[in-house]
Each structure stands twice: as structure tokens, then as C-alpha cells.
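Colleague: Predicted structure and sequence below. I'll ask about it afterward.
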Amino acid sequence: MNLTTVVPTRDRPEAVSEIFNCLNDTGYTGEILFCIDDDDPKKHQYLSAFDNSNVSHKYKSAMISGPRLRCVGTLNNVVPRLLDSGMYDIIGFMGDDHRPRTHNFDKKIESALADETGYAIAYGDDLLQGQNLPTAAWIRTDLIRSLGAFVPPKLKHLYFDDTHKTIGTELGILIYLPDVIIEHMHPAAGKAEWSDQYRELNSHAIYDHDSKEFARWKQEDWPTLKAKVIADGFGQTGLWDALEL
């Protein structure tokens, strides 16, 4: 299976080399796509980080995604292009503050999402939310096409991990991989400083907007979307007893 991982990033060019090092250490064989805003004041530092990196060229995949769209907007801007390419069976998301720690983690994800398993969304232990939330998740492309978007488009930055959990759990197609460590280096875990960007993205205004939008999506949009996805062949696998959540 062909797997790629999308990493929206802003104002943290140092994350590029850190993630590259993690990919080398874990033997990652997929592709990675860093999505950079073209109005990021550190854009040129990102490009220098790609040029100066001594890791395998296969990891050097960068995209200038346009003016700032935040995480949700960037994913919904980039993922359709990846789908249109027809090159991938699995598309994943990591934040630029996630760090893979498990050797061959991508192969474990591919095995979990193989057609015969019936699962379509996989995630590991981020050492913060753990089993509770898929803060970094990989999704089969046939499910993304059925859903029509990688993330509900009216969200801004938060709660799309809650939507992935809702979709996967209610359809019985979500699998938690506790032996796959994708460490979330978040200030809430004491693993990073509370920068201005972290404060903005975790502000009361963003939480208020996205929590209300998630509740609206779950009540108004999800029932219709769920019926469509089931009609497309998902959620009929009888995997409830095997589900690890």
C-alpha cells in the first residue's frame, strides 16, 4: 500500500529536521508532505531546512499551500489534490509537533488498514491523549472520498480528531495501535513552551467556535453522512467485538 503523511506547519521550521530525524530513526518508507503557508514569515527558513537536510531525498516533499488556512483549511486544500493523483492508498495527518518513535510504524499502520482487516482509520499512542483521541491519524483514501473531505470544513483547528473518532467508532472501522508511538510534543504535556501560536490556536475563541461546530456537525451533518458512507460499503464489517476502544 502507498502511504503519505501530511504535516501542516507554520512558524516552526526547526520541526522539519526533527521530523526527518524521526523518520530516519524509525525506518519510514512512505512519503511526507509539509504544507507551508506562503505568508509564513519563516517560509525561507523552511525552504533552507529542506535544502540543508542530509536525509533521504524521498522525505523532501514541500508544498506552499497558499495564504494561511489554519490546519483544517490546509488539509482540505491539499488532500483532494493527493486523491486526484491516484497515487495513495492511505493519507495521514501529523501536526508539526508530533514525533514518530516506533520502528516501521508506517508498516504497522498499512497492515492495520489492509483491505481484509475492514479498518479504515488507524492511530497510535501520542503519550498525551493515548487511546482517547486520534491526534495523529491515517485514513484509507476510499473512505476519504466517501466522506467528501478529510476534515469537516467549518472547523478551524480543533476537534477534527473527535470527528475521526466519531466516524471510526460508530462505523466500527477505527483501530487503535498501542504499540505505535507518535509522541505529541505539546505544551499541555509539558514538552514545549506555550508560544504565541500555541496560545492562539488553543484560545477560548477557537475552542468555543470548534466545540460548537463539532456538536453541530455531529447532530446535523453526521447522520446523513453516516448513511452515505455505510451505503458506500463502510461500517458493515461486524468488527465491534474486535475494536480496541
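Modeller: Right, received. Where do you want to start?
Colleague: Tell me the confidence at Gly92?
Modeller: If you check Gly92, the pLDDT there is 97.
Colleague: again, but for Ala137
Modeller: pLDDT, Ala137: 98.
Colleague: contacting residues around it?
Modeller: Gly92, Phe93, Ile121, Ala122, Tyr123, Asp161, His164 (C-beta atoms under 8 Å, 6 or more residues apart in numbering). Placement of C-beta: from N, CA and C, glycine included.
Colleague: In ChimeraX, select just the buried ones from those residues.
Modeller: Buried residues among those (16 or more other C-beta atoms under 10 Å), as a ChimeraX selection:
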select :92,93,121,122,123,161,164
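Colleague: mind putting the contacts of Ala137 in CSV, distance to Met63 included?
Modeller: Shown next, in CSV, are the contacts of Ala137 (distance: C-beta to C-beta, whole Å):
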residue, distance to Met63
Gly92, 15
Phe93, 14
Ile121, 23
Ala122, 24
Tyr123, 23
Asp161, 22
His164, 22
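Colleague: hey, C-alpha coordinates of the helix ranked longest in the chain in CSV?
Modeller: Criterion DSSP state H: the longest helix present in the chain is helix 70-85. C-alpha atoms of helix 70-85 as CSV (Å, rounded to 0.1, in the frame of the first residue of the first chain):
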residue,chain,number,x,y,z
ARG,A,70,-5.1,27.0,9.5
CYS,A,71,-4.8,23.3,10.0
VAL,A,72,-8.3,22.3,8.8
GLY,A,73,-8.3,24.5,5.8
THR,A,74,-4.8,23.3,4.8
LEU,A,75,-5.8,19.7,5.0
ASN,A,76,-8.9,20.2,3.0
ASN,A,77,-7.0,22.1,0.4
VAL,A,78,-4.1,19.6,0.0
VAL,A,79,-5.7,16.2,0.5
PRO,A,80,-8.1,16.5,-2.6
ARG,A,81,-5.0,17.0,-4.8
LEU,A,82,-3.4,13.9,-3.3
LEU,A,83,-6.6,12.0,-4.0
ASP,A,84,-6.7,13.2,-7.6
SER,A,85,-3.2,12.0,-8.1
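Colleague: Report the rounded mean pLDDT for stretch 81-89.
Modeller: Mean per-residue pLDDT for stretch 81-89: 95.
Colleague: Stretch 213-226 too?
Modeller: 97.
Colleague: Quick one: end-to-end length of that stretch, please.
Modeller: 17 Å (C-alpha to C-alpha, to the nearest Å).
Colleague: ok, and what's touching it?
Modeller: 147-148, 152, 154-156, 159, 162-163, 166-167, 170-171, 235.
Colleague: With pLDDT and neighbour count added, can I get these in JSON lines?
Modeller: Output for the contacts of stretch 213-226, formatted as JSON lines (pLDDT from 0 to 100; neighbours: other C-beta atoms under 10 Å):
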{"residue": "Leu147", "pLDDT": "97", "neighbour count": "21"}
{"residue": "Gly148", "pLDDT": "96", "neighbour count": "13"}
{"residue": "Pro152", "pLDDT": "95", "neighbour count": "24"}
{"residue": "Lys154", "pLDDT": "93", "neighbour count": "14"}
{"residue": "Leu155", "pLDDT": "92", "neighbour count": "24"}
{"residue": "Lys156", "pLDDT": "85", "neighbour count": "18"}
{"residue": "Tyr159", "pLDDT": "90", "neighbour count": "25"}
{"residue": "Asp162", "pLDDT": "95", "neighbour count": "20"}
{"residue": "Thr163", "pLDDT": "97", "neighbour count": "22"}
{"residue": "Thr166", "pLDDT": "97", "neighbour count": "17"}
{"residue": "Ile167", "pLDDT": "97", "neighbour count": "23"}
{"residue": "Glu170", "pLDDT": "96", "neighbour count": "15"}
{"residue": "Leu171", "pLDDT": "96", "neighbour count": "22"}
{"residue": "Gly235", "pLDDT": "84", "neighbour count": "20"}
